[in-house]
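Sequence first, predicted coordinates after that:
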Amino acid sequence: MIIGLISDTHNEPDNVIKHVVKELVEIHHVEMIFHEGDIEKQHLDAALFGGLPVYCALNQEQLEKEAFRTAPPGWTFTSPGDSRIQDVRGLRCYIGHKFSFDLAAGPEARFKDKLNELRRRNDGLRYVFAGHMHHRALVQTQLVTFI
């Protein structure tokens, strides 16, 4: 399974997202997209994401808006709380947005402790995907990988 990761597309024109998704599909052969938050309502378009399955992290403010109440066909919304944990083709993962803030807010050891605590509360969790920082990051513990 090849997953394309994208995040923080707010303020991006549709053609930029189409170009990125096209590259993910044609060059990297992704089978689905995980969007780690900060998506605009005009981007809630299955065609914009190549018709691929999309798991998209919403924030509390978005959940209160009508435009975000119904996911496009083939999409799954995650929201603050337990719905951030998803089982995707046998892979248990967290698909969120602001979790990455904890990485920037303190020492890496404390962040790894938080990853391990999340794993303890969600048996079988292997990956944590989060955006918000506008930078790439990779942190691994013995059992969990944060991207």
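That came through, no problem.

only C-alpha atoms for contact and neighbour calcs from this point on.
Noted.

And the closest residue to Gly51 other than its chain neighbours, what's its pLDDT?
Excluding its sequence neighbours, the residue lying closest to Gly51 (CA to CA, 6 or more residues apart in numbering) is Gly74, at 7.6 Å. What the model reports for Gly74 is a pLDDT of 95.

Next, Gly74: phi, psi?
phi 80, psi 0 (degrees, to the nearest 10).

so who does it touch?
With CA atoms under 8 Å, 6 or more residues apart in numbering as the criterion, the residues that contact Gly74 are Ala46, Gly51, Leu52, Pro53, Val54.

quick one: contacts for the first one?
Think Ala46. Contacts of Ala46 (CA under 8 Å, 6+ apart): Leu52, Pro72, Pro73, Gly74, Trp75.

As JSON lines, the residues you listed with secondary structure would be great.
Compiled in JSON lines, the contacts of Ala46 are given as follows (DSSP: H, G, I helix; E, B strand; the rest coil):
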{"residue": "Leu52", "secondary structure": "coil"}
{"residue": "Pro72", "secondary structure": "coil"}
{"residue": "Pro73", "secondary structure": "coil"}
{"residue": "Gly74", "secondary structure": "coil"}
{"residue": "Trp75", "secondary structure": "strand"}
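
What remains of those residues if I keep only buried residues?
Leu52, Pro72, Trp75 (16 or more other CA atoms under 10 Å).

Skipping adjacent residues, who's closest to the first one in space?
Yep, that's Leu52 we're talking about. Leu52 sits nearest to Met32 (CA to CA, 6+ apart), 5.3 Å away.

Would you check that that neighbour makes contact with Gly50?
No. Proximity of Met32 to Gly50 does not meet the contact threshold set by CA atoms under 8 Å, at 9.5 Å.

higher neighbour count, those two?
Met32 (22 against 16; other CA atoms under 10 Å).

Quickly list what that one is bridged to.
Ile3 (DSSP bridges).

Closest to the centroid, which residue in the chain?
Glu36 (2.8 Å; CA atoms, centre = their mean).
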